[in-house]
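S.K.: Next come a sequence and a model predicted from it.
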Amino acid sequence: MFSVVRGVLLRPLPFRDPSRLVAIWPTRAISNAELLFMQQESRSMESVSALSLGWGIAMTGAGEPRQLHAARVSVNFFNTLGVHPVLGRSFAPNESQRDAWNVAILSHELWQSQFGADSAAIGRVIDMDARPTRIVGIMPAGFEAMQAGVDAWLPLQIDPSSPYHTGALSVGVGRLAKGASVASATSELTALAPRMRTAFGYADDYARGATVVGLHESLVGDIRRSLLVLLGAVGLLVLIAVANVGNLMLAHASGRRRELAVRRALGASQGQIARQLLVQSLTIAAAGGALGTIVGTFGLRILKAILPSRLPMLSAVNIDWSVLAVCTAVTIGAGLLFGIGPALLASRVDPDGALRAGASESSSRSHSFMRESLVVAEVALAVVLVVGAGLMTETLWRLNRVDIGFDPHNVLTFLVQPTSGQISSPEQATAYFAEITRRVASIPGVKAVGAAQHLPLSGFNWRGSLDIESRPVAATTTRPNIVWRSIVGDYFGAMRIPLVRGRFFDETDGPQSPQVVVISAAMAKHYWPDRDPIGERIKLGNGTQRDWATIIGVAGDVRSAAPNAPPVEEAYRPNKQQDLRFMHFVVRGNVDPLALIGPVRSAIHSYDQRVPVAEVRLLGDIFAAATETSRVVTMLLAAFAFLGLTLGAVGIYGVISYSVGQRTRELGIRTALGAIERRIALMIVGEGLRTACIGIFIGTVGAILAARSLETLLFEVSAADPALYASVVAGLLIVALAASYFPARRAARIDPLIALRGE
């Protein structure tokens, strides 16, 4: 766990002088116009660059057609990071200009898998989106910038004459000038923002929230809290283990009282006795630490496989010398923690008293107090772990049952993106996707087929400004910002998004027909709370068609951003009136959706053999990915809580069992004097429950305080949920009762004659 925290949170980014790298306005995307403006005007940053993610590019001319996950970057992006290709070169300054976008830099992984790691790939011309493209560079192995899994980087298409020049589509990345700080860069951006708003005609709220943050801080984001919670849970588990071993060492030291008394009587000093026991403790700790490190090297692979895939730099996480140094320090610290108490108590043994006492003499009060204190600590820490796991389990349970507005079960999804050479007009795009839809719908077992440019919960929600014809506003007035989707076929039926009122799109809603739009119920309620929005006309700033469209229907709400986020205001347009050239299809069947993969590929390739059928997955997997962080945190916390609870039960059992063994003579006398078995059993169980109750009380208080760190991870669950705490207390009492039962039963069955004869 520390390896992951070190690799993701503590290790500097693997770029040149990473402390000077910053994210520019990380809460929003920037446009090419803003990029050029800041490159010219910024003085606090020596370099300003941009990265646009999420580009799907069809690659042909290098084996089988392949859909690439590509990114477009400004030509100075790699220089800003301070990373250069291991083969070839970075982009030249003129390669973002109009008609010069014909070069690409490949990832090391794509170079190996598609080109056999052949250095002759440099200079080779392949087709990317039906455009001859020259490979000019290969990035280092494991390189990632802002997102893992990028196959290729292409120059950002900067064309001041383009209508998209002022459209925000990139992440801004800068390198601070020497002597500049994040604060000074933020102040400068705040001053530049009003000038950019005026120059580019942006809305009057454009300058709000302009900020600059460290790039590493921006990348880590909300995942920081999740990792720190897991690391804290591991720390609690280590402390529980330390307390448990400490109890064992105390029992071991008590059993050696006569031996240690003899050593003292023969001249051994208190320091020598303490050192002997400490060396034994450190030897045990070293053995455990060494074994744990070996197991940890294999366990790290499993941990990396189950952690959220969006963790930045996860691929570079490993066990290095710094991790081993921390493991060594923890090992030594654990050995000292569980060894120093027994060592100090044993070194103070009185030789005369110990040698005069009988073999069955119970251990000293100090020993008993320390053992019980350690059990209290174990139980308290276990309570904190179990409460944390319980809160996350309830969160995950609620997330899995929340109404997300569509049915993700039994749906296959895939991406179809024909090249620009295959589609060169809106009519061709309409015909192309209509034929794909028809062929897939004809497959036996398919019930409904539809498509959208991006699917809910996929991480991509295109947003645009909203104009309402009946409420005109000035050109620079800040407009509402809503999600919009361009859809094909029976998208609503395939997703099972209900119709609230009005109608959905049909075959008559074509390119030459009046522009139409369907809106979500949340949008209808917000903008038309007192009347029916059917018949109202709106305009969406979506970068394609900017025509007035008439609302013809209201669809059910969809949680497009995240399952734990409220439904967004959303508008749907028919792609026949939008002309987008890529679509994520959704295919609902009455058979196993995985069984449809082969027939779907065959149906599509029977129409177009050149197009890759990419990103094939289940719609349910998209939902699972959206809840991945909660699921992983819950699973790991539950595992840690189970281990902590087990160790706590072992601790209670060990203390009670040892106490029974030390009190054999006393219990034998009680039995001989007429004490019944049930009374002795209840006495022993009561002692165990008393210790457990003290630990549960302290742990509950600690859990209430610690649960605050989970608040941002919870969904519809209170960090102080009384029902959950009551369940945890009841469960731990049952565990304590079970741990006390077996020693109590053994105590109740002691034969007084055998016990006294042994004495």
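M.R.: Ah, there it is. Residues are numbered from 1 along each chain as shown.

S.K.: Starting from the longest strand anywhere in the chain, tell me which strands it pairs with and how they run.
M.R.: Secondary structure of the chain per DSSP state E: the longest strand is strand 45-60. Applying DSSP bridges, strand 45-60 is found paired with strand 66-73 (antiparallel), strand 125-128 (antiparallel), strand 168-176 (antiparallel).

S.K.: State the helix or strand in which the most centrally placed residue in the chain lies.
M.R.: Closest to where the C-alpha atoms of the chain average out (Cα atoms, centre = their mean) is Thr629, at 3.5 Å. Element membership for Thr629 (DSSP states H and E) is helix 628-662.

S.K.: go on, Val386?
M.R.: Per DSSP H and E, Val386 falls inside helix 365-401.

S.K.: Over that helix, what's the mean pLDDT, rounded is fine.
M.R.: Helix 365-401 shows a mean pLDDT of 83.

S.K.: Tell me the strands beside the helix or strand just after that helix, with direction?
M.R.: Per DSSP H and E, the first helix or strand lying C-terminal to helix 365-401 is strand 411-416. Using DSSP bridges, the strands paired with strand 411-416 in its sheet are strand 583-589 (antiparallel), strand 613-618 (antiparallel).

S.K.: contacts for strand 411-416?
M.R.: Applying Cβ atoms under 8 Å, 6 or more residues apart in numbering, the contact partners of strand 411-416 are 56, 67, 433, 436, 451, 455, 494-495, 582-589, 593-594, 596-597, 600, 604, 611, 613-620, 622. In this view, the C-beta of every residue, glycine as well, is placed from N, C-alpha and C.

S.K.: circling back: ramachandran angles for the residue lying closest to the residue nearest to the centre of the chain once chain neighbours are set aside?
M.R.: Spatial nearest neighbour of Thr629, excluding adjacent residues (Cβ to Cβ, 6 or more residues apart in numbering): Pro308 at 5.0 Å. Backbone torsions of Pro308, given as degrees, to the nearest 10, read phi -60, psi 130.

S.K.: Give me the number of neighbouring residues for Val633.
M.R.: Look at Val633: counted by other Cβ atoms under 10 Å, it has 25 neighbours.

S.K.: And the pLDDT for it?
M.R.: Here the pLDDT value assigned to Val633 is 88.

S.K.: Return the residues in contact with it.
M.R.: The neighbours of Val633, taking Cβ under 8 Å, 6+ apart as the test, are 226, 229-230, 392, 713.

S.K.: and if you look at Tyr206?
M.R.: Contacts of Tyr206 by Cβ under 8 Å, 6+ apart are 193, 196-197.

S.K.: tell me which of those is nearest to Val735?
M.R.: Val735 has its nearest neighbour among the contacts of Tyr206 in Ala193, at 58.6 Å by Cβ to Cβ.

S.K.: wait, the closest one sits on Gly209?
M.R.: No. Ala193 is beyond contact range of Gly209, at 9.1 Å (criterion: Cβ atoms under 8 Å).

S.K.: For those two, indicate the residue with more neighbours.
M.R.: Ala193 (18 against 11).

S.K.: That one: what's its closest spatial neighbour, skipping adjacent residues?
M.R.: Closest to Ala193 by Cβ to Cβ, 6+ apart is Ala207, at 3.8 Å.

S.K.: before we move on, the earlier item: indicate which one of the strands paired with strand 45-60 is closest to Arg301.
M.R.: Nearest to Arg301, of all the strands paired with strand 45-60, is strand 66-73, at 24.0 Å by Cβ to Cβ.

S.K.: just how off-centre is that closest one within its chain?
M.R.: 23 Å (Cα atoms, centre = their mean, to the nearest Å).

S.K.: That one: what's the following helix or strand?
M.R.: Using DSSP H and E, the helix or strand that follows strand 66-73 in sequence is helix 77-81.

S.K.: got the contact list for that following helix?
M.R.: The contact list for helix 77-81 (Cβ under 8 Å, 6+ apart) reads 15-16, 21, 47-51, 84-85, 90-91, 105, 145, 153, 173-175.

S.K.: coming back round to it: highest neighbour count among the contacts of Val633?
M.R.: That'd be Met392 among the contacts of Val633, by other Cβ under 10 Å, with 27 neighbours.
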